[in-house]
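Enquirer: A predicted structure for the sequence below; I have some questions about it.
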Amino acid sequence: EGAMPARRRRWWLRALLALLCASGAAFAVWLAVSGGWGDRAIASARKETIAKGYATSLEELYARRKPVDDEANAALVYEEAAIAFETAGGEESATPDAPYGRCVPLVSHGWLTMRRPPDAQVAQAQKDVKQMELDPRTPMPDYILAASKYYVDKRSEAVALIGKARELPEACYANAFLTAKAHADDPSRYTNTLRRFRRLIALAAWVDAEEGRPAAAIAKLRDNLAMAASLADEPFIVSSYIYMAIGSLTTKETLPRVLARTNPSNADFVALQGDFARLAAKLSLKSALQGEIARVLGQCNRVESGKTPIRDAYRPSAYLRLSYDSPMAAWADRNLPAITSGFYKRDVAMLVRYYLWALDHIDDGPAVFADIPDPLLAEIKAGRYIMARNETHDVPLAVIQAALTTGTLEAAAAALAACRYRNDHNTWPESLDALVPAYMDKVPLDPFTGKPLVYKIEEAGIAVYSVGANGVDDGGKGFLPGSDATQGDDNGMRVWK
């Protein structure tokens with residue numbers, strides 16, 4: 001009788017040991033199968049990428065491009081400008097000797113609008129800046145002009161270098177803005193700087209316009225457009241977003257004020273119109289998508305070769321669907337990278353397949369990316385494809401934004417052609433057709449409808465715009481001062497004269 005419990009305990013131990021061995025074997029089989037799926041998926045993605053003629057790493061992509069001599073590389077001049085800009089104080093406008101502190105439009109916009117509760121000076125600055133935004137014809141109050149001039153003059157070396165960069169024929173950021181902490185596959189090393197430059201040059205144009213220097217103000221506008229154009233071939237979607245942001249904000253924020261406060265010559269109009277038209281024509285997401293393919297496959301190459309630690313490439317807890325900030329997620333991120341590598345490789349492969357699909361349809365218009373049923377998209381949404389799922393949201397937004405920006409840039413070019421017509425005939429053209437062929441080669445079409453851009457003669461001037469993604473003419477709501485996207489998504493510009 002005493003022996004029975006011992007035999008029963010040995011039976012339970014043997015059963016537990018067998019269960020553990022079976023579990024270990026099942027886990028090993030699952031790991032092998034998952035890893036095999038990942039290896040086959042990434043190999044297939046690489047093969048398809050190569051078959052379509054695209055690079056499988058950023059190094060290969062850059063090696064394929066024509067080398068840019070340092071003397072001709074605008075990106076290196078922007079790097080010089082960045083050093084001069086930071087030496088002069090960067091975007092900090094509140095220095096002890098600065099007149100009127102932070103009352104600098106564009107640069108201090110966030111500080112001015114968010115200061116709560118504002119003192120009397122800030123409250124007045126908020127009111128004055130708001131009025132300048134609503135009606136670009138509004139003169140700059142003396143104290144805002146003084147603060148703006150001080151800010152721009154202190155950064156005059158950076159302004160001059162940015163102007164110099166416009167004269168250079170090419171730009172390649174692969175060997176620019178590199179530091180020990182910023183590598184060639186990180187576009188933020190230069191995109192953040194270019195965003196600050198855009199505000200600096202826009203403010204300089206405002207000052208030139210206020211002081212009656214139309215040619216200088218137009219030159220600043222062209223400097224910003226050249227900065228946007230320098231990003232045309234950069235292999236990152238975020239670089240394309242900065243391209244679009246600089247072009248759009250130059251159209252909506254800077255150009256209306258320069259035109260309202262000055263009377264540029266036709267020669268200046270011709271040069272600026274050409275810049276806007278070329279920027280619209282160059283806008284494409286093809287280089288960005290090809291670059292993203294090279295980036296993710298290159299990172300996977302480095303993980304497989306051991307050059308990049310697995311845990312630096314992805315978070316295992318995301319594939320295991322663990323809560324982001326849970327202790328279990330932290331444990332999984334530390335201990336399970338190798339175990340979940342199959343998920344990561346399949347995700348990269350699916351992401352590459354999606355980018356290849358997007359490249360095949362990039363010229364078909366934004367409607368294709370809006371909400372089209374597709375087996376590939378259904379597969380992405382159904383599986384554990386963290387990166388691919390994010391991009392099925394981000395890429396369509398970028399495509400729509402590219403169409404909006406194209407419409408805005410085309411509207412600016414058409415508006416400048418109308419300004420030339422007005423200079424010659426002392427009246428606005430009755431329609432955009434009246435500008436062809438003397439002032440434009442053809443009437444620009446709305447990227448969303450394929451019809452001519454909307455053109456309206458108003459009491460205050462003219463408006464030229466695209467009807468936006470909803471395909472409905474909302475009367476200019478969405479881009480005109482005082483309106484926003486909740487009232488409509490028209491996109492373009494108004495000339496105040």
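Expert: Yep, it's here. Numbering: from 1, shown residues only.
Enquirer: all strands for this structure, in order.
Expert: Listed in chain order, the strands of the chain (DSSP state E) span 454-457, 461-466, 491-496.
Enquirer: can you list the weak-confidence ranges in the stretch 1-150 of the chain?
Expert: Confidence mapping of the stretch 1-150 of the chain against pLDDT under 70 gives the ranges 1-35, 94-97, 99, 101, 109-118.
Enquirer: repeat that for 50
Expert: Regions of the stretch 1-150 of the chain meeting the criterion pLDDT under 50 cover residues 1-2, 32.
Enquirer: centre of the chain to stretch 183-192, how far?
Expert: Taking the mean of its C-alpha atoms, stretch 183-192 sits 12 Å from the chain's own mean (C-alpha atoms, centre = their mean, to the nearest Å).
Enquirer: and it, what's buried?
Expert: Using 16 or more other C-beta atoms under 10 Å as the test for burial, stretch 183-192 gives 184-185, 187, 189-191. Yep, even glycine has a C-beta here, placed from its N, CA and C like the rest.
Enquirer: swap in stretch 152-162?
Expert: Buried, per 16+ other C-beta under 10 Å, within stretch 152-162: 152, 154-155, 158-159, 161-162.
Enquirer: same question for stretch 86-94.
Expert: Neighbour counts over stretch 86-94 (16+ other C-beta under 10 Å) mark 88, 93 as buried.
Enquirer: surely S265 touches A217?
Expert: No: using C-beta atoms under 8 Å, S265 is not in contact with A217; the gap is 11.9 Å.
Enquirer: neighbour count winner among those two?
Expert: Remark: of S265 and A217, A217 carries more neighbours, 27 against 13, as counted by other C-beta atoms under 10 Å.
Enquirer: how close does the more buried one get to I400?
Expert: Separation of A217 from I400 (C-beta to C-beta, to the nearest Å): 31 Å.
Enquirer: how about A43?
Expert: Distance, A43 to I400, by C-beta to C-beta: 33 Å.
Enquirer: neighbour count for the two, which is higher?
Expert: Ranked by neighbour count (other C-beta under 10 Å), A43 and I400 place I400 first, with 19 against 12.
Enquirer: chain neighbours aside, what residue packs nearest to that one?
Expert: Leaving aside its sequence neighbours, I400 sits nearest to P366 (C-beta to C-beta, 6 or more residues apart in numbering; 4.7 Å).
Enquirer: give me the pLDDT value at the spatially closest residue to S188 that is not a sequence neighbour.
Expert: Once flanking residues are discounted, S188 sits nearest to V238: 7.3 Å by C-beta to C-beta, 6+ apart. Looking at V238, its pLDDT reads 94.
Enquirer: next, count neighbours for V238.
Expert: Applying other C-beta under 10 Å, we find 17 residues neighbouring V238.
Enquirer: quick one, what contacts it?
Expert: Contacts of V238 were listed using C-beta atoms under 8 Å, 6 or more residues apart in numbering, and they are 187-188, 191.
Enquirer: ok, E170 next?
Expert: E170 touches 68, 72-74, counting by C-beta under 8 Å, 6+ apart.
Enquirer: which ChimeraX command selects the buried ones in the residues you listed?
Expert: Selection of the buried residues among the contacts of E170 in ChimeraX, burial being defined by 16+ other C-beta under 10 Å:
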select :68,73,74
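Enquirer: just flag the most distant two among the contacts of E170.
Expert: V68 and A74 (9.0 Å; C-beta to C-beta).
Enquirer: which residues are common contacts for the two?
Expert: Jointly contacting V68 and A74 under the rule C-beta under 8 Å, 6+ apart are 170-171.
Enquirer: how much space separates G475 from L168?
Expert: On the measure of C-beta to C-beta, G475 and L168 end up 42 Å apart.
Enquirer: more neighbours, those two?
Expert: Taking other C-beta under 10 Å, G475 and L168 do not tie; L168 has more neighbours (19 against 15).
Enquirer: hang on, that one packs against V77?
Expert: Yes: the criterion here is C-beta under 8 Å, and L168 meets it with V77 at 6.5 Å.
Enquirer: separation between P214 and R137?
Expert: For P214, the distance to R137 - C-beta to C-beta - is 15 Å.
Enquirer: cool, and A215?
Expert: 20 Å.
Enquirer: show me which parts of stretch 268-277 are buried, residue by residue.
Expert: 268-269, 271-273, 275-277.
Enquirer: any stretches of the stretch 201-350 of the chain with poor pLDDT?
Expert: Short version for the stretch 201-350 of the chain, where the test is pLDDT under 50: none.
Enquirer: closest to the centroid, which residue in this protein?
Expert: With distances taken as C-alpha atoms, centre = their mean, Y241 lies nearest the centre of the chain, 1.4 Å away.
Enquirer: for it, list the residues it contacts.
Expert: 398, 401.
Enquirer: burial measure for the residue nearest to I400, as a count.
Expert: By other C-beta under 10 Å, neighbour count at P366 equals 19.
Enquirer: pretty sure it contacts V399?
Expert: Yes: counting by C-beta under 8 Å, P366 touches V399, with 5.1 Å between them.
Enquirer: could you count how many residues lie near the nearest residue to E379 once chain neighbours are set aside?
Expert: Nearest non-adjacent residue to E379, counting by C-beta to C-beta, 6+ apart: M350, 7.4 Å away. By other C-beta under 10 Å, the residues close to M350 number 25.
Enquirer: is it true that M350 touches Y385?
Expert: Yes: with contact defined as C-beta under 8 Å, M350 and Y385 form a contacting pair (4.7 Å).
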